[in-house]
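K.L.:
Just need the structure, nothing else, for what follows:
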Amino acid sequence: MAVIENSKVTVVGAGSVGSSAAYACLIRESARHVALYDIATEKVEAEVLDLAHGTQFTGSSDIVGGSDISVAEGSHVVVITAGAKQKPGQTRIELAGVNAGIIRSMMPQLLEVAPNAIYVIVTNPCDVLTVLAHEATDLPLERIFASGTVLDTSRLRWLLARRAGVSTSNVHAYIVGEHGDTEFALWSATTIGTVPILDWRPADGSDPFSPEELDQIAVDVRDAAYKVIQGKGATNYAIGLSSARIVEAILRDEHAVMPVSTVLHDFHGVNGVALSVPSIVSAAGAVPIRETSFSVEELELFHRSANALREVADSLR
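P.N.:
Residues are numbered from 1 along each chain as shown. Next up is the predicted model:
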């Protein structure tokens with residue numbers, strides 16, 4: 001049961017990601033009310049109509065939407081997916097210029113109709129856009145954050161679980177840093193159950209994990225989006241589901257540990273950059289877990305990720 005009574009989530013952007021996020025919120029009953037907003041009137045009205053036609057089968061959640069920003073009024077959570085989509089061969093960072101302008105112009109408008117909402121940035125490059133959105137709104141750091149590496153972490157856990165022969169829910173692993181090319185796995189803290197990843201012995205008698213295999217798995221996770229985009233033009237289902245999961249953690253005040261991306265302040269020497277680290281997600285928003293430990297090599301990778309994103313953010317100011 002949702003802690004916030006009569007809860008409402010608005011998804012901004014009725015493209016493949018936004019529509020999938022709205023669909024996921026409906027079928028998972030993430031919120032009592034789901035709204036979908038986009039400036040493209042015909043597109044958003046068609047998506048809302050298509051979703052509404054199925055609400056006999058979606059429990060208590062309902063769907064509204066349109067091209068008037070007032071549809072977001074009274075939202076407890078706003079999920080932002082609007083922007084140019086990533087093209088085959090294009091990095092998330094290359095998207096930055098176009099989507100930065102969209103975020104800067106849209107955030108003040110959204111704040112007018114949903115001043116008390118928690119904002120979740122899904123539009124890529126989500127880490128850079130979170131910094132710019134924070135600067136455009138001056139919201140408390142915990143109230144505006146990105147979906148970050150929640151999806152990347154799900155991809156990692158799926159690959160590890162399949163190889164290890166266990167349930168995904170029993171793999172405790174995180175992708176941290178940029179949601180993009182400098183992301184990395186926090187192998188020093190990765191376990192299956194209570195067993196460190198390199199000590200795990202698969203039940204089928206296959207070889208244990210090697211450092212080289214783990215490195216390749218991390219690369220496969222990093223490049224997974226490119227493979228999906230190459231084949232079907234966009235990633236949408238998994239990011240829609242992960243967005244709905246973040247919404248639930250907020251609305252149900254779960255205090256769930258998730259690797260979302262907040263603007264960091266004095267976090268292992270990183271300031272003013274949004275990066276994904278294990279964070280507590282609740283009705284108050286997202287708060288990084290400061291006690292998160294890194295190996296020496298991982299800390300170097302973390303700072304490399306921060307420096308890369310700082311350069312992009314600075315170029316857009």
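K.L.:
Only C-alpha atoms from now on, for both contacts and neighbour counts.
P.N.:
OK.
K.L.:
any idea which element residue 98 lies in?
P.N.:
Here residue 98, judged by DSSP states H and E, is contained in helix 96-113.
K.L.:
same check, this time on residue 297
P.N.:
Residue 297 is located in helix 296-315, with elements delineated by DSSP H and E.
K.L.:
So for that helix, what gets flagged as buried?
P.N.:
298, 301, 302, 303, 304, 305, 306, 309, 310, 312, 313 (16 or more other C-alpha atoms under 10 Å).
K.L.:
That helix packs against which elements?
P.N.:
helix 126-137, strand 274-276 (3 or more C-alpha pairs under 8 Å, 6 or more residues apart in numbering; DSSP states H and E).
K.L.:
And the residue nearest to residue 316 when sequence neighbours are not counted, how close does it get to residue 19?
P.N.:
For residue 316, ignoring the flanking residues on the chain, the nearest one in space by C-alpha to C-alpha, 6 or more residues apart in numbering is residue 97 at 6.7 Å. From residue 97 over to residue 19 the distance is 24 Å, taken as C-alpha to C-alpha, to the nearest Å.
K.L.:
more crowded one of the two?
P.N.:
residue 19 (24 against 15; other C-alpha atoms under 10 Å).
K.L.:
Verify the stated contact: the more buried one with residue 47.
P.N.:
Yes. With contact defined as C-alpha atoms under 8 Å, residue 19 reaches residue 47; the gap is 6.9 Å.
K.L.:
Contact partners for the residue of the chain most remote from its centre?
P.N.:
Distance from the C-alpha centroid of the chain, by C-alpha atoms, centre = their mean, peaks at residue 205 (35.7 Å). The contact partners of residue 205, by C-alpha atoms under 8 Å, 6 or more residues apart in numbering, come to none.
K.L.:
That one sits in which helix or strand?
P.N.:
Using DSSP H and E, no helix or strand contains residue 205.
K.L.:
Now do the same for it: its pLDDT.
P.N.:
Note on residue 205: pLDDT of 87.
K.L.:
any idea how far it is from residue 22?
P.N.:
Taking C-alpha to C-alpha, one finds residue 205 at 43 Å from residue 22.
K.L.:
Packing partners of the helix or strand containing residue 10?
P.N.:
Using DSSP H and E, residue 10 sits within strand 8-12. When contacts are defined as 3+ C-alpha pairs under 8 Å, 6+ apart, strand 8-12 packs onto helix 16-27, strand 33-37, strand 77-80.
K.L.:
can you put those in TSV and add distance to residue 54?
P.N.:
As requested, the helices and strands packed on strand 8-12 are exported to TSV (distance: least, C-alpha to C-alpha, whole Å):
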stretch	distance to residue 54
helix 16-27	9
strand 33-37	13
strand 77-80	22
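K.L.:
do you know which of these lies nearest residue 113?
P.N.:
strand 77-80 (10.9 Å; C-alpha to C-alpha).
K.L.:
what is the rounded mean pLDDT of that closest one?
P.N.:
Strand 77-80 carries an average pLDDT of 98.
K.L.:
Equivalent analysis for stretch 263-274, please.
P.N.:
On average, stretch 263-274 scores 96.
K.L.:
Help me confirm that residue 242 is found in a strand?
P.N.:
No. Applying DSSP: H, G, I helix; E, B strand; the rest coil, one finds residue 242 to be helix, outside a strand.
K.L.:
Would you check that it makes contact with residue 153?
P.N.:
No. If you go by C-alpha under 8 Å, residue 242 and residue 153 don't touch, sitting 10.1 Å apart.
K.L.:
and the helix or strand containing residue 229, what other elements does it pack with?
P.N.:
Residue 229 is part of helix 211-232, with elements assigned from DSSP H and E. Secondary-structure packing of helix 211-232 (3+ C-alpha pairs under 8 Å, 6+ apart): helix 150-164, strand 184-185.
K.L.:
who's in contact with the last one?
P.N.:
Going back to what we said before, that points to strand 184-185. Against strand 184-185 from outside (C-alpha under 8 Å, 6+ apart): 173, 174, 175, 176, 177, 218, 222, 301.
K.L.:
What number of residues are in the vicinity of residue 60?
P.N.:
By other C-alpha under 10 Å, neighbour count at residue 60 equals 14.
K.L.:
How is it assigned, secondary-structure-wise?
P.N.:
Residue 60 ends up coil, using three-state DSSP.
K.L.:
so where's the stretch 101-250 of the chain shaky on pLDDT?
P.N.:
Along the stretch 101-250 of the chain, no part satisfies pLDDT under 70.
K.L.:
if we go to 90?
P.N.:
For the stretch 101-250 of the chain, applying pLDDT under 90 flags the ranges 101, 124, 138, 202-206, 225-226, 229, 233-234.
K.L.:
my read: residue 60 touches residue 34, true?
P.N.:
No. Taking contacts as C-alpha under 8 Å, residue 60 lies outside contact range of residue 34: 10.7 Å.
K.L.:
Could you report the neighbour count for the closest residue to residue 33 other than its chain neighbours?
P.N.:
Nearest in space to residue 33, with sequence neighbours left out and distances taken as C-alpha to C-alpha, 6+ apart, is residue 8 at 4.6 Å. Neighbours of residue 8 under the rule other C-alpha under 10 Å: 25.
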